[in-house]
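**Student:** for reference, the sequence and a predicted model appear below.
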Amino acid sequence: NIAMEHPLIPLTVFPSKIARIIEDTHESMRFPRNYIASSLIMALSVAIGNSHELTIPNGKKSKALLYMALVGSPGAMKSAPIEFAFDPIYNRDMELIKTYNKEIERYHDTPKEDRGKRPHSMQITAKDITTEALCELNSHNNHGVSLINDELTSWFGNIDKYHSKGGADTPFWLSNWNGSGVINNRKTNDKITAVKDTCTSLFGSIQPSLLHKAFSETNMTNGLFHRFLFTYDPDEEKPIHWSEEDLPSTSAEDWNSFLMNVLHFALDIENTKGRENIELSKEAWEQLKAWQNAKEDFLYQNEEEHSIAIFRKNQLYALRFCIIIHVMREIAEDLPMSTLIDEHTARQAILLAEYFFKTSALAYQQIKYKGKDELGKVLSIMEMLPYIFTREQCIKVGEQFDIPKRTLFRYITGDNDDPFCTKIKHGVFQKRI
């Protein structure tokens, strides 16, 4: 069984200038490190878009496409890191939308016989949009348009609804994750929108108490859950004190400049040659293959079926992280542009994949055990603890089940004719079941 810990995202995956921005925003603005680090990764994913594609020796192809959710209680400071990370892209999109609105107004004011080509919006993010409109935007934008939704609860509430023009949105998002293209058969003005090559990422936040509603039994079995990455704040239960430190004036400027450099680099590739096809070095491939084989064997030996399902997507995310880290390092460290991913990048991608494997396992446990009765929760907690465990370990696991500590220990050693455990010494217990 997987311990229900809130792991720390490995900051070593970031070049020093990006790691400094993470620390600056944490110290001055109190952004949780995991939230701001994950938000920066997502912004890089969106900036890279369709410009890079990785092909590994077995022929499998990957893009920098991610689905991610920041998981935290109300007031856990999830929105602010998203806004900081995407502010440079939002500002650019606002200018593009203003330009588009003027052009489309001019287009409609012009007599039909004198109109030229219909203008299209070239934004790369959207917040409140239907799948039909998203397909339409992507059909005119080679880079890809991603959905950034501060509160994912409403998005989950809409994807399973049956629309009058035919079907729910879930199949669209399941297919979109592969980045191979989508076809929207919901006709508008007798038009079917088909996009051969897409790169639409998905990002937002959600409360842990709502995970089980978002990922219903259907969304657990159809693969939607396994397509998501999850990020938690390990310090959420600690008090947040206002800081007297100002955010260094260069931090926001440096992030703005860096992210725009990545975006312009990607757009230049898309405008000149369409896409940069990259590969793994021999050493990088051996590193990734050894990790994948060892992890797969371990999970099979321990018969952890749900963990195997999580890892099947997690190993593909490792390839996507390779692209993001590769481009991030090239721009941040001013490295020579290369189409070969090195061993260092592969190692960092594995660290990032392992982090998200742990957080996906945590999300799975929260969804699986939500709604159980009191005894069911205690039995689930006991199942996850080692044979001999400490009070602290028990409390840590118990936090995920919304059960008071006093109630939990009443079952373990307290007011119960048949306690579940024996107290070995102060703060240390041994299972009896």
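**Tutor:** Noted; the coordinates are in hand.
**Student:** avg pLDDT for stretch 252-269?
**Tutor:** Average pLDDT, stretch 252-269: 96.
**Student:** now do that stretch: distance to the chain's middle.
**Tutor:** 21 Å (Cα atoms, centre = their mean, to the nearest Å).
**Student:** now it: buried residues?
**Tutor:** Ala252, Asp254, Trp255, Phe258, Leu259, Val262, Leu263, Phe265, Ala266, Leu267, Ile269 (16 or more other Cβ atoms under 10 Å). Yep, even glycine has a C-beta here, placed from its N, CA and C like the rest.
**Student:** cool, and stretch 42-55?
**Tutor:** For stretch 42-55, using 16+ other Cβ under 10 Å, the buried residues are 42-54.
**Student:** which of those fall in helices?
**Tutor:** Using DSSP state H, the subset of those located in helices is Met42, Ala43, Leu44, Ser45, Val46, Ala47, Ile48.
**Student:** closest to Glu392 among the residues you listed?
**Tutor:** Met42 (33.1 Å; Cβ to Cβ).
**Student:** next, the contact list for the closest one, please.
**Tutor:** Leu66, Met68, Ile82, Ala85, Phe86, Ile148, Ser201, Phe203 (Cβ atoms under 8 Å, 6 or more residues apart in numbering).
**Student:** does the most centrally placed residue in the chain sit in a helix, a strand or a coil?
**Tutor:** Nearest residue to the geometric centre of the chain (Cα atoms, centre = their mean): Met68, 2.0 Å. Of the three states, Met68 takes strand under DSSP: H, G, I helix; E, B strand; the rest coil.
**Student:** burial of Asn219, as a residue count?
**Tutor:** For Asn219, the count of nearby residues is 22 (other Cβ atoms under 10 Å).
**Student:** can you give me the buried ones in the lengthiest helix in the chain?
**Tutor:** When the chain is parsed with DSSP H, its longest helix is helix 79-109. Across helix 79-109, burial judged by 16+ other Cβ under 10 Å covers Ser79, Ala80, Pro81, Ile82, Phe84, Ala85, Phe86, Pro88, Ile89, Arg92, Asp93, Tyr100.
**Student:** among those residues, find me the one that's closest to Val13.
**Tutor:** Nearest to Val13 among those, with distances taken as Cβ to Cβ, is Ala85, at 15.3 Å.
**Student:** and the gap between the nearest residue to that closest one once chain neighbours are set aside and Thr170?
**Tutor:** Residue nearest to Ala85 in three dimensions, not counting chain neighbours: Ser39, with 3.7 Å by Cβ to Cβ, 6 or more residues apart in numbering. With the distance defined as Cβ to Cβ, to the nearest Å, Ser39 ends up 25 Å from Thr170.
**Student:** the residue lying closest to Asp87 once chain neighbours are set aside: what secondary structure?
**Tutor:** Of all residues beyond its chain neighbours, the one nearest Asp87 is Asn256 (7.2 Å), with distances taken as Cβ to Cβ, 6+ apart. Asn256 falls in the helix class when you classify it by three-state DSSP.
**Student:** can I assume Asn256 is in contact with Pro88?
**Tutor:** Yes: at 4.4 Å, Asn256 counts as touching Pro88 under the criterion of Cβ atoms under 8 Å.
**Student:** any residues in contact with both of these two?
**Tutor:** Counting by Cβ under 8 Å, 6+ apart, nothing touches both Asn256 and Pro88.
**Student:** helices and strands of this structure: which one has the lowest mean pLDDT?
**Tutor:** When each helix and strand of the chain is scored by mean pLDDT, DSSP states H and E, strand 182-188 comes last, with a mean of 60.
**Student:** any stretches of the stretch 201-350 of the chain with poor pLDDT?
**Tutor:** The stretch 201-350 of the chain contains residues with pLDDT under 70 at 237, 244.
**Student:** so which residues of the stretch 251-400 of the chain form strands?
**Tutor:** 276-280, 340-341, 388-390 (DSSP state E, counting those that start in this stretch).
**Student:** output those in CSV, with distance to Glu132 and mean neighbour count appended to each entry.
**Tutor:** Below are those laid out as CSV (distance: least, Cβ to Cβ, whole Å; neighbours: other Cβ atoms under 10 Å):
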stretch, distance to Glu132, mean neighbour count
strand 276-280, 30, 18
strand 340-341, 36, 18
strand 388-390, 52, 16
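**Student:** nearest approach to Ile104 belongs to which of these?
**Tutor:** Each of these has some distance to Ile104 by Cβ to Cβ; the shortest is strand 276-280, at 32.1 Å.
**Student:** just checking: what are the partner strands of the closest one?
**Tutor:** Partners of strand 276-280 in the sheet, by DSSP bridges, are strand 52-55 (parallel), strand 340-341 (parallel).
**Student:** give me the contact list for the shortest one.
**Tutor:** With contacts defined as Cβ under 8 Å, 6+ apart, strand 340-341 is touched by Leu54, Ile278, Glu279, Leu280, Ser281, Ala284, Cys322, Ile323, His326.
**Student:** biggest separation within those, which pair?
**Tutor:** Taking Cβ to Cβ, no two of these sit farther apart than Ser281 and Ile323, at 14.1 Å.
**Student:** more neighbours: which of these two?
**Tutor:** Ile323 (25 against 16).
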